[in-house]
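# could you look at this predicted model? Sequence included:
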Amino acid sequence: MSQEEDKSRHKKRMQQQKAKVDERIAAAQQDKGLLLVLTGNGKGKSTSGFGTITRAVGHGLHAKVVQYVKGGWECGERDLLEKNGVEFHVMGTGFTWETQDKETDIKAAQAAWSYSKTLLQDPSVDVILLDEITYMITYKYIDLDEVIAALTARPKDQHVVITGRACHRAIIEIADTVSEVRPVKHAFDKGIKAQKGIDW
Ligand code: ATP
Ligand code: MG
């Protein structure tokens, strides 16, 4: 095949691809608040959730964050986003295996959930990040049916991002967009410490 033929074939293929994409874009007409789930065992769930909050804030949307596990754990996004008007509720008991006090953990989880429910009823909140909430459901610190009910009844244009490993299939079923992050490799496995600005 001559170079000219190759060029012309490539152009034709690209045109066909563009036509297909344009058709799909034109067919997507609905506007709605989305439920996004970022799950799986690989690194990148919370950073993606915070990235979405940053994107939303960049467009002037009103965003809130509820962090379900971390507390004793610093997080770089919090300082930046709070300076930009994003309110955080941090569960604040640290990791379960650090506190080793189930009753305290349950109370803290339920307080965080109670606050999350008020957000899920407030149409002035455009985007909510429920970071690491999946663990609270797995441990049964908060009730799955209540979570499903609150997510389903939320204001129609409100977006919610859920992060955490092993997301319950019932939440995956009602979600609009679900991504599973798969670990291919992680620096920690080679004995490298969590790095500021990358891991927290
Ligand atoms: P990140 O906050 O970096 O996006 P994540 O939310 O996907 O990570 P978590 O399970 O919440 O993952 O864990 C947070 C911390 O654990 C981060 O410091 C992250 O680098 C680390 N981590 C995530 N996945 C792995 C893994 N597969 N092996 C070892 N450490 C991990
Ligand atoms: Mg995380």
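Structure received. Ligands and ions are numbered 1, 2, ... in the order given.

# count the residues that sit near residue 52.
For residue 52, the number of neighbouring residues by other CB atoms under 10 Å comes to 19. C-beta coordinates here come from the backbone N, C-alpha and C atoms, glycine included.

# quick one: the strands in the protein, in order.
Using DSSP state E, the strands of the chain run over residues 35-39, 63-67, 87-90, 127-131, 159-163, 177-180.

# for the third one, packing partners?
Translated: strand 87-90. Using 3 or more CB pairs under 8 Å, 6 or more residues apart in numbering; DSSP states H and E as the contact criterion, the secondary-structure elements in contact with strand 87-90 are strand 63-67, helix 76-83, helix 102-119.

# cool, the first one as well?
Contacts of strand 35-39 with other secondary structure elements, assessed using 3+ CB pairs under 8 Å, 6+ apart, are made with helix 45-58, strand 159-163, helix 169-174, strand 177-180.

# show me what that strand is in contact with.
Strand 35-39 has contacts (CB atoms under 8 Å, 6 or more residues apart in numbering) with 44-46, 48-49, 52, 134, 151, 159-167, 171-172, 174-181.

# recalculate using a threshold of 7 Å.
Outside strand 35-39, the residues within contact range by CB atoms under 7 Å, 6 or more residues apart in numbering are 45, 48-49, 134, 151, 160-167, 171-172, 174-181.

# neighbouring strands of it in the sheet, and parallel or not?
In the sheet containing strand 35-39, the strands it pairs with under DSSP bridges are strand 159-163 (parallel), strand 177-180 (parallel).

# let me know which of the ones you listed is tucked in deepest.
Mean neighbour counts were taken over the strands paired with strand 35-39 using mean count of other CB atoms under 10 Å, and the top value, a mean of 25, falls to strand 159-163.

# ok and that one relative to strand 127-131, angle-wise?
On the basis of axes from the mean of the first three to the mean of the last three CA atoms, to 10 degrees, strand 159-163 is oriented at 10 degrees to strand 127-131.

# re the thing from before, ligand 1 is nearest to which of the strands of the chain?
Ligand 1 sits nearest to strand 159-163 of all these, at 5.8 Å, using CB to the nearest ligand atom.

# I'd like the mean pLDDT over the closest one, please.
What strand 159-163 shows for mean pLDDT is 98.

# contacts for that strand?
Contact with strand 159-163 is made by 33-38, 45-46, 49, 52, 126-134, 151, 154, 171, as judged by CB under 7 Å, 6+ apart.

# tell me, which of these make contact with ligand 1?
45-46 (CB under 6 Å from any ligand atom).

# residues contacting residue 182?
Residues near residue 182 by CB under 7 Å, 6+ apart: 40, 42.

# residues of the protein that sit close to ligand 1?
41-47, 163, 165, 181, 183, 186, 188, 194, 199-200.

# need the buried ones from these selected in PyMOL.
Here is the PyMOL command that selects only those of these that count as buried (16 or more other CB atoms under 10 Å):
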select buried, resi 43+45+46+47+163+165+181
